[in-house]
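Colleague: Just the structure for this:
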Amino acid sequence: MKIGLLKEPEGEFRVALIPEGVHEITGKLKAAVIVEQGAGATTYFTDKDYEDAGAKVMSRSDIFDSADLILGINNPSEEEMERLKPEQVLLTMLQPLFNTELVRKLQAGKKTIFSLDAIPRTHGHRRWTFCRRKPQRPATKLFWMPPCTYRNFFRCL
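Modeller: Modelled structure (predicted):
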């Protein structure tokens, strides 16, 4: 199985998979991970960090061509959504209640997509809290530190 990680658009400061997660996936699950060039740049992870964890760095089109599971925070473009093959799975924050037209298109095209924002956010599942864009504590709002430094504040890691 190949897992692909997409680079997020400008202004997004999250990434769907950090190098530590790549190391676990390649080690425990024995799956290959391919990462788009610069995917972790906004979260202070370099392409070398991902390569050291066991991933291969590739272009965005190569990921859509060869990955079985594609990870991202934001939705890919409509053209990229149409490029999804029936056997590929996309894991992203689809926001199906706001993007009803997109959901209808994806249903008609028989695309398999899991929406991260549809995962219940209960106290026991704080690790899956993707919808929070900024830390809740006022002191950390002033200074954006790398998420790997303050793991208690950044629950999604």
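
Colleague: per-domain residue ranges of this structure.
Modeller: 2-118, 122-157 (automatic domain parsing).

Colleague: tell me the most buried of these?
Modeller: Of all the domains of the chain, domain 2-118 carries the top mean neighbour count, a mean of 17, counting by mean count of other C-beta atoms under 10 Å. From N, CA and C alone the C-beta is placed, and that goes for glycine too.

Colleague: Do I have it right that residue 52 meets residue 19?
Modeller: Yes: using C-beta atoms under 8 Å, residue 52 makes contact with residue 19 at a distance of 7.0 Å.

Colleague: Dump the domains of the chain to TSV, plus mean pLDDT.
Modeller: Listed next are the domains of the chain as TSV, based on pLDDT from 0 to 100:
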stretch	mean pLDDT
domain 2-118	90
domain 122-157	45
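
Colleague: quick one, strands of this structure?
Modeller: 2-5, 32-36, 56-58, 69-71, 89-92, 112-115 (DSSP state E).

Colleague: Nearest approach to residue 24 belongs to which of the ones you listed?
Modeller: Between residue 24 and these, the tightest spacing by C-beta to C-beta is seen for strand 32-36, at 10.1 Å.

Colleague: Okay, now the sheet partners of the closest one, with direction.
Modeller: Taking DSSP bridges as the criterion, strand 32-36 forms sheet pairs with strand 2-5 (parallel), strand 56-58 (parallel).

Colleague: which one's the longest helix in the chain?
Modeller: Secondary structure of the chain read by DSSP state H shows that its longest helix is helix 100-108.

Colleague: What is that one packed up against?
Modeller: helix 78-83 (3 or more C-beta pairs under 8 Å, 6 or more residues apart in numbering; DSSP states H and E).

Colleague: And the contacts of the helix it packs on?
Modeller: By C-beta atoms under 8 Å, 6 or more residues apart in numbering, the residues outside helix 78-83 that reach it are 60, 64, 75, 90, 102, 105, 106, 109, 111.
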